[in-house]
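Kindly generate the corresponding structure for this input.
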Amino acid sequence: MKKNWRYIRKGFEQVNQLAVEMLDFAKDNHLDVKSININELVMSTKDFIEYDLVSDGIELEVELDSKNPVWMMDEKQLQRAIINLVVNSTDALENIEAGKINIRTHVDEKRQLIVSVS
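I've put the predicted structure just below:
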C-alpha cells in the first residue's frame, strides 16, 4: 500500500513540476536576484520537504558551512533546484529500506559556493 502511495505522490510531483516549467516558460524569464543566506534557504527547504522523506523512511541530513556568507542569487530558482535534486535522490533510493540524503553547503578556496545533494 505504501508503495502505491509513493507512485501516486510521484505522479502528482511530476504533474506539478511540468506545470511549473510550463508557467516559467510562458512568463518573462527575468531573475529575481537578491541577497540571501544560503544556509537559511537550505534549512527552510529542509523543513518544507522533510516530512514526506521521513514518511518514506528516508533520513535528510544537512551540513552547513559555518562561514557561509550572504550570496546574490535568485532564491526561488535555487530552492527549486535543491528540491528537484532531492526528488531525484528519492527516486534513486526507491527500493532501499532506509535511505539517507545529504544536503551540504560549502565555500571553496576560490570563494565559490557549492550546494550539493547526495
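
I'd guessed Asp108 sits against Ile114; true?
Yes: with contact defined as CB atoms under 8 Å, Asp108 counts as touching Ile114 (6.1 Å). Glycine gets a C-beta too; all of them are placed from N, C-alpha and C.

Tell me which helix or strand comes right after the lowest-mean-pLDDT helix or strand in the chain.
Least confident helix or strand of the chain, by mean pLDDT, DSSP states H and E, is helix 2-26 with a mean of 71. Where DSSP states H and E defines the elements, the next helix or strand beyond helix 2-26 is strand 33-37.

What residues of that next one count as buried?
Ile36 (16 or more other CB atoms under 10 Å).

before we move on, what about stretch 53-62?
Leu53, Asp56, Ile58, Leu60.

Go ahead and name everything in contact with stretch 85-99.
For stretch 85-99, contacts defined as CB atoms under 8 Å, 6 or more residues apart in numbering pick out 6, 10, 13, 17, 49, 53, 56-60, 101, 103, 117-118.

Report the two of those separated the most.
For the contacts of stretch 85-99, the farthest-apart pair by CB to CB is Gln17 and Glu59; their separation is 23.6 Å.

what about Thr105, neighbour count?
For Thr105, the neighbour count with other CB atoms under 10 Å is 19.

Could you spell out the sheet neighbours of the helix or strand encompassing it, each with its direction?
Assigned by DSSP H and E, Thr105 belongs to strand 99-107. Note on strand 99-107: by DSSP bridges, its sheet partners are strand 58-63 (parallel), strand 113-117 (antiparallel).
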